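Peer 1: One predicted model, sequence on top.
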Amino acid sequence: MMDRAGLADFLRHRRQSLQPEDVGMPRGPRRRTAGLRREEVAVLCHMSPDYWSRLEQERGPRPSAQMVGSIAQGLHLTVAERDHLFRLAGHPHPPAASAGMHISPGVLRILDRLSDTPAEVVTELGETLRQTPVGVALLGDLTRFTGPERSIGYRWFALPGARDVYPEEDHASYSRLYASGLRGVVGLRGPGSRAADLATLLLASSEEFREVWERQEVGLQPPETKRYRLPSVGDIELNCQVMLAPAQAQTLLVYTAAPGSESHAKLELLSVLGAEGAEGVRAT
């Protein structure tokens, strides 16, 4: 059963213990609230301020498991704190394997400080969990996909338009790269894993995937410089810096351009355009 009082106390304490700078928000003048305002934490958790207030006041309906997960991520909870939150809300906590879908507070703090830089957190299957605003401008909103399409490797072979942002001459190398990456995860996680399920789906639906899969390649590395072709700014070349979070089987990808280069100027333009710069780039 839902522990309304325990849930309210936990949410209130976590909100008051977070500072705006902890979550990438400006502090602003005349702040008297201890920690975050209800309106601010509601934005982080993708809910209305009224709903958050009702939870703190021990009122309103029980939040769904999906909403509890959103609250856990918005509050920058650890996996242990997330599981505690699920129990307070009257839900079984997610299985241990789901830890790879939960971004650690440390990685979130880094991401929050990259507001003017394209960056994203992805799982070992290439599922984007969170992006910076400029990351959305560069690649589109990759968090909106569901099911197998959450994986960039699956979209590459199965979803029309998934390659439009990449120059055509790079397509063959990316096909080999994604097949190689999936094979590596299948070997790591074994039969019956989500990786194995993705491979089975693609083997049944994509002739190109079957061809590159039969190469038995594993361990291929992405290029140091990635090229993109965007409707908003044209061709752009970016370096992809990689930071691993092994405990969560996640990767933080940060995209940069050489200072003074044409691509650097285009990247600055993207940061101004914001998410509007992603128009026409929705499948990658």
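Peer 2: In hand now; what should we look at?
Peer 1: Only the buried residues of stretch 151-167, if you could.
Peer 2: Neighbour counts over stretch 151-167 (16 or more other CB atoms under 10 Å) mark 151-158, 162-163, 165-166 as buried. Using the backbone N, CA and C atoms, a C-beta is placed for each residue, glycine as well.
Peer 1: Equivalent analysis for stretch 182-202, please.
Peer 2: 182-186, 189, 193-196, 198-199, 201-202.
Peer 1: Put together JSON lines for these, with pLDDT, secondary structure and distance to G60 on each row.
Peer 2: What follows is the buried residues of stretch 182-202, written out as JSON lines (pLDDT from 0 to 100; DSSP: H, G, I helix; E, B strand; the rest coil; distance: CB to CB, whole Å):
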{"residue": "L182", "pLDDT": "95", "secondary structure": "helix", "distance to G60": "42"}
{"residue": "R183", "pLDDT": "95", "secondary structure": "helix", "distance to G60": "47"}
{"residue": "G184", "pLDDT": "93", "secondary structure": "helix", "distance to G60": "45"}
{"residue": "V185", "pLDDT": "92", "secondary structure": "helix", "distance to G60": "40"}
{"residue": "V186", "pLDDT": "93", "secondary structure": "helix", "distance to G60": "43"}
{"residue": "R189", "pLDDT": "88", "secondary structure": "helix", "distance to G60": "39"}
{"residue": "S193", "pLDDT": "90", "secondary structure": "coil", "distance to G60": "38"}
{"residue": "R194", "pLDDT": "91", "secondary structure": "helix", "distance to G60": "34"}
{"residue": "A195", "pLDDT": "94", "secondary structure": "helix", "distance to G60": "39"}
{"residue": "A196", "pLDDT": "95", "secondary structure": "helix", "distance to G60": "41"}
{"residue": "L198", "pLDDT": "96", "secondary structure": "helix", "distance to G60": "38"}
{"residue": "A199", "pLDDT": "96", "secondary structure": "helix", "distance to G60": "43"}
{"residue": "L201", "pLDDT": "96", "secondary structure": "helix", "distance to G60": "40"}
{"residue": "L202", "pLDDT": "97", "secondary structure": "helix", "distance to G60": "43"}
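Peer 1: Pull stretch 122-138 out as CSV, backbone CA atoms only.
Peer 2: Taking Å, rounded to 0.1, in the frame of the first residue of the first chain, the C-alpha atoms of stretch 122-138 are listed here in CSV:
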residue,chain,number,x,y,z
VAL,A,122,22.8,6.5,-23.7
THR,A,123,22.5,2.9,-22.6
GLU,A,124,24.6,0.1,-24.0
LEU,A,125,21.9,-0.5,-26.6
GLY,A,126,22.1,3.1,-27.8
GLU,A,127,18.9,4.2,-26.1
THR,A,128,19.0,7.9,-25.3
LEU,A,129,17.9,8.6,-21.8
ARG,A,130,18.4,12.3,-21.7
GLN,A,131,19.7,15.1,-23.9
THR,A,132,20.8,18.7,-23.5
PRO,A,133,18.7,21.3,-25.4
VAL,A,134,21.5,21.7,-27.9
GLY,A,135,21.6,17.9,-28.2
VAL,A,136,18.0,18.0,-29.3
ALA,A,137,18.8,20.7,-31.8
LEU,A,138,21.5,18.5,-33.2
